[in-house]
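K.L.:
Sequence and computational prediction follow.
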Amino acid sequence: ALKDFDAGRVAWPSLAYGDELRKRLITRLTETARRAPNASIVVAGYPRLFEADAAQSCPVAILGSGVGPEASAAVNGFVSQLNGEIYSAVTEANRQLTNKPISFVDVQDDFAGKELCKDGAHNPDMAFHPVINEFLSWPQAFDSTAFSFHPNASGHRIYADAFKSALAGQRHAVLELGSQ
């Protein structure tokens, strides 16, 4: 319901650009580190959704139109800026803590080649789950699929490998769920 809407919890771009996200992350990270002083905290960034130099539209339905090269570049730019804010928050939180327990994992290069589209078509190697969003997809949606933009099994493996690398050599066990 609209009366329950909390503008402070919505991930609007202005939160990242207006320094609000960074401030909130610093607070949460330092609180978490102080409450769990023996923990290693790993914070992952976000992957790019589109090829870095896409020259063609990606047929992912955003109100039925797909995503053109300029919009792809804008989304990728926002993801990079968002990752910069997260990295900055991790750096500042570690500055405030004596034991520096927080690591940032940049996964953008790990997801290279796994973007939503490749050469203007759905990428068969994408690392994102093709869940149809009923609000953005309908029979006349130009044969596009509205993706959820969340990692699929391949994307989860990329994240798991990144976390394992970040935690390698530390004195605690890494529990891996769902190994296949």
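P.N.:
Now that the structure is in, tell me what you want to look at.
K.L.:
how about the strands in the chain?
P.N.:
41-44, 102-105, 117-118, 121-122 (DSSP state E).
K.L.:
I'd like those strands as JSON lines, with distance to Ala162, mean neighbour count and mean pLDDT appended.
P.N.:
(Each C-beta comes from the backbone N, C-alpha and C, glycine too.) Below are the strands of the chain laid out as JSON lines (distance: least, C-beta to C-beta, whole Å; neighbours: other C-beta atoms under 10 Å; pLDDT from 0 to 100):
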{"stretch": "strand 41-44", "distance to Ala162": "6", "mean neighbour count": "17", "mean pLDDT": "95"}
{"stretch": "strand 102-105", "distance to Ala162": "5", "mean neighbour count": "19", "mean pLDDT": "95"}
{"stretch": "strand 117-118", "distance to Ala162": "22", "mean neighbour count": "20", "mean pLDDT": "86"}
{"stretch": "strand 121-122", "distance to Ala162": "24", "mean neighbour count": "13", "mean pLDDT": "83"}
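K.L.:
can you tell which of the ones you listed is closest to Tyr159?
P.N.:
strand 41-44 (6.1 Å; C-beta to C-beta).
K.L.:
What is the closest one packed up against?
P.N.:
Packing partners of strand 41-44 (3 or more C-beta pairs under 8 Å, 6 or more residues apart in numbering; DSSP states H and E): helix 20-35, strand 102-105, helix 153-167.
K.L.:
rerun that using 10 Å as the cut-off
P.N.:
helix 20-35, helix 69-96, strand 102-105, helix 153-167 (3 or more C-beta pairs under 10 Å, 6 or more residues apart in numbering; DSSP states H and E).
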